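# fold the following and give me the result.
(2 chains)
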Amino acid sequence: MKVLIAVDDSLCSREAVNVVASRPWAEGTQFKVVHVVEPIAALYGLVAPEAVSLMLEAEKKLKAHGIKFTTDIGDYLKEIFSEQQVSSLVIGGYIADSVIEQANDWHADLIVVGSHGRTGLDRILLGSVAEKIVNRSLCSVEVIKIKTPKCDETTSKNDRSGASVRQKQTV
Amino acid sequence: MKVIIAIDQTGNWKQIIEATVKRSWPSDTIFRILTVVEPVETPLDKPKTHHESAADKVVHEARALLFKHLPGCTVYSEVRKGKPADELVTVAANWMVDRIILGTHGRQANRLIPGTVPQLVTKKSCCSVDLVKLTPAAAAAAQ
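Have a look, this model is predicted:
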């Protein structure tokens, strides 16, 4: 089995990595940690020419930071699984597109991605990378979430006593 | 570990069960195969609709198939009435599940309009959501 873990430097990505690390996997499962650095350069047309060099500098720093934490995550997983089972990769591009392209090229069976859990205006403006990956990928996708106090609100909002349980069986 | 496997009454459930079997599971995993039937008004002398009977049959078969491949695991099966996404999210939160497994065709919807069940479950649920990519050919063959 081939598992691609899409990461960024966020709490939800760390949670996704921890979940992967804590689970049992079939023998020989391969893991690929992928981080995508989005091109700030795409905004060149919208900013003053003097700002372009600053943006290039920022892009370099982002990539260097990405390489550092992706390598750290790869090393952490190598300690849990084995050196041969884990690889890491930092690429440039648009996140969802690049992750899907990597998954297709590598023939991944599963993409694991953390969810930021954006709601409301944030979600409309920024969208959800996880959602884009789910919609476009050719393989299965697991969206890992961090449990938050919002969960309790969701439960009470959705809970309706009228829901009937038709059958229940235990083996 | 507590896992909900959400299936519907089409032939896709076999792909979802097969994908579940391919994953590795801790020995204490409890599976709950769940299907949700949207309520339809029926005459009093006809308590079960065709959909409900089909749902009963499907969860039985799915449970048998999962148990065949993962003997020794604990499997519950359940048919609920309501809106599929809401019911799944509610059961997941009440039962404090670790993972929901459901199938997706990956049809793209605009994020400004209400989405499909997988989209809504991914958005609203508090636990991890494992979306099994469904292959149309396999589904057609199963049906």
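
# chain center to stretch A:59-71, what's the gap?
Counting by C-alpha atoms, centre = their mean, to the nearest Å, stretch A:59-71 is centred 16 Å from the centre of its parent chain.

# buried sites along the lengthiest helix in chain B?
When chain B is scanned for its longest helix (criterion: DSSP state H), the result is helix B:50-69. For helix B:50-69, a neighbour-count test (16 or more other C-beta atoms under 10 Å in any protein chain shown) marks B:51-52, B:54-56, B:58-59, B:61-63, B:65-66 as buried. To be clear about C-beta, it is placed using only N, CA and C from the backbone, and glycine gets the same treatment.

# how about stretch B:73-88?
Buried residues in stretch B:73-88 (16+ other C-beta under 10 Å): B:73, B:75-88.

# where does confidence bottom out across the residues you listed?
Looking at the buried residues of stretch B:73-88 by pLDDT, the weakest one is B:Cys73, with 85.

# circling back to that earlier point, what is the nearest of the buried residues of stretch B:73-88 to chain A?
Set against chain A, the nearest of those by C-beta to the nearest C-beta is B:Val79 (4.0 Å).

# wasn't that closest one part of a strand?
Yes: B:Val79: assigned to a strand according to DSSP: H, G, I helix; E, B strand; the rest coil.

# give me the number of residues near B:Leu70?
Neighbour count of B:Leu70, defined by other C-beta atoms under 10 Å in any protein chain shown: 17.

# remind me which residues of the chain are low pLDDT?
Assuming you mean chain A. Across chain A, the ranges flagged by pLDDT under 70 are A:41-47, A:117-128, A:147-171.

# wait, chain B was what I had in mind.
Applying pLDDT under 70 to chain B flags the ranges B:41-49, B:106-115, B:137-143.

# about what we covered before: filter the buried residues of helix B:50-69 by proximity to chain A?
Near chain A, taking C-beta under 8 Å from any C-beta of the partner chain as the test, the members of the buried residues of helix B:50-69 found are B:52, B:55-56, B:59, B:63.

# is B:Leu131 in a helix, a strand, or coil?
What three-state DSSP gives for B:Leu131 is strand.

# surely it is in contact with A:Val143?
Yes: contact criterion C-beta atoms under 8 Å: B:Leu131 and A:Val143 qualify, at 7.2 Å.

# thinking again about what came up before, widest-spaced pair of the buried residues of stretch B:73-88?
Farthest apart among the buried residues of stretch B:73-88 by C-beta to C-beta are B:Cys73 and B:Lys83. That separation is 28.8 Å.

# how about B:Pro26: what's its closest non-neighbour residue?
B:Met1 (5.2 Å; C-beta to C-beta, 6 or more residues apart in numbering or on different chains).

# thinking again about what came up before, for B:Lys22, state which of the ones next to chain A among the buried residues of helix B:50-69 is nearest.
Using C-beta to C-beta, B:Arg63 comes nearest to B:Lys22 of those, at 17.8 Å.
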